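Peer 1: Curious how this folds, go ahead:
(one chain, ligands or ions: 1)
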Amino acid sequence: MIETKSEYEISLMRQACRISALALKAAGDAVRAGISTWELDEIAFGVIVSNGATPAFLGYNGFPNSICASVNDEIIHGIPSREAILKEGDIISIDVGAVYNGYVGDNANTYAVGAISDEARLLIETSKLAFYNSLEFARPGCRLHDISHAVQETSEANGFSVVREFVGHGIGKKMHEPPSIPNYGKAGTGIRLYAGMVLAIEPMINQGSAKVKINSDGWTARTADGKLSSHYEHTVAITKAGPLILTELEG
Ligand code: MG
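Peer 2: Numbers count the residues shown, from 1 in each chain. Predicted coordinates for the structure are as follows:
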């Protein structure tokens with residue numbers, strides 16, 4: 001069942017989302033050659049707890065850290081490590097969530113480490129553009145797969161593929177709530193959207209094939225062909241006035 005959030009609940013979610021966004025920004029701002037993904041995790045953890053919140057990912061199904069740090073061909077769910085030192089030309093997806101007042105926020109972005117290839121830059125920009133194009137359909141009266149279709153169309157138009165195995169999701173008191181939001185689909189299909197739904201929309205797109213494999217750690221999803229992957233995510237409330245990005249920092 002999809003839980004409808006009242007305006008009051010959405011205002012509470014905004015706080016969890018703001019802290020999630022602050023943690024993402026702090027970790028993202030720290031991305032540079034020579035830093036480990038472990039240190040990025042510590043930065044995000046510090047922001048979350050100093051704002052009185054709890055890391056949503058830490059301990060989630062046994063996940064050991066506060067961020068997912070997925071470098072280059074890693075798609076999502078990369079585990080931070082002291083040994084994973086970023087180097088010039090890498091790209092890194094950071095995904096982070098916080099729980100505050102009983103509600104969860106979730107967001108992700110992919111960052112360049114110094115100078116990156118034009119193709120890598122286009123991949124990152126396309127994952128972000130896919131999100132914003134899909135946002136146009138996060139409105140009452142649209143269909144769920146209008147969002148999915150916009151992600152797929154934007155990605156494929158730029159020569160990239162969309163990951164099938166992992167999807168966006170409803171979010172609220174739990175990090176993962178119905179509905180699942182595939183990053184591919186047919187426009188005009190799926191459930192009808194209405195005000196009070198809160199969705200984590202998260203394009204995950206690959207430079208090469210859409211095929212995925214999972215590392216022996218049981219978490220890290222990477223591209224089967226070893227090519228790059230990019231991820232972009234916001235928590236979005238559907239309101240009568242249109243989409244409201246709850247994980248966007250003002251100013
Ligand atoms: Mg998510």
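Peer 1: what number of residues lie near the residue in the stretch 151-251 of the chain positioned nearest to the ion?
Peer 2: The stretch 151-251 of the chain approaches the ion most closely through A200 (4.0 Å), counting by C-beta to the ion. Using the backbone N, CA and C atoms, a C-beta is placed for each residue, glycine as well. By other C-beta atoms under 10 Å, 27 other residues sit near A200.
Peer 1: Pretty sure it sits in a helix.
Peer 2: No. The assignment for A200, made by DSSP: H, G, I helix; E, B strand; the rest coil, is strand rather than a helix.
Peer 1: Is there proximity between stretch 236-251 and the ion?
Peer 2: No. Against the ion, stretch 236-251 shows no contacts by C-beta under 5 Å from the ion, the least distance being 10.3 Å.
Peer 1: before we move on, the earlier item: check contacts around the residue of the stretch 151-251 of the chain closest to the ion.
Peer 2: 106-107, 168-171, 181, 233-236 (C-beta atoms under 8 Å, 6 or more residues apart in numbering).
Peer 1: Now do the SS call for the nearest residue to E74 once chain neighbours are set aside.
Peer 2: Leaving aside its sequence neighbours, E74 sits nearest to R222 (C-beta to C-beta, 6 or more residues apart in numbering; 4.8 Å). The assignment at R222 comes out as strand when based on three-state DSSP.
Peer 1: count of residues packed around R222?
Peer 2: Neighbour tally, R222, other C-beta under 10 Å: 22.
Peer 1: before we move on, what about A120?
Peer 2: 20.
Peer 1: In which helix or strand does it reside?
Peer 2: Assessed by DSSP states H and E, A120 sits inside helix 118-135.
Peer 1: Run the chain-centre distance for that helix.
Peer 2: 13 Å (C-alpha atoms, centre = their mean, to the nearest Å).
Peer 1: quick one: D118 and the ion, what's the gap?
Peer 2: Look at D118 and the ion: by C-beta to the ion, to the nearest Å, they are 28 Å apart.
Peer 1: Retrieve the pLDDT associated with that residue.
Peer 2: Note for D118: predicted pLDDT of 98.
Peer 1: can you tell me which residues contact it?
Peer 2: Shown in contact with D118 (C-beta under 8 Å, 6+ apart): no residues.
Peer 1: OK, contacts around P80?
Peer 2: Neighbour list for P80: 36-38, 40-41, 65, 67, 69 [criterion: C-beta under 8 Å, 6+ apart].
Peer 1: oh, I was asking about G52
Peer 2: Y100.
Peer 1: and the residue nearest to E74, bridged to which residues?
Peer 2: Beta-bridge partners for R222, by DSSP bridges, are E74, K213.
Peer 1: that older thread, who wins for neighbours among the contacts of A200?
Peer 2: That'd be T235 among the contacts of A200, by other C-beta under 10 Å, with 30 neighbours.
Peer 1: before we move on, which element is that one in?
Peer 2: T235 belongs to strand 234-239 when assigned by DSSP H and E.
Peer 1: That strand packs against which elements?
Peer 2: helix 7-29, strand 103-112, strand 198-201, strand 242-245 (3 or more C-beta pairs under 8 Å, 6 or more residues apart in numbering; DSSP states H and E).
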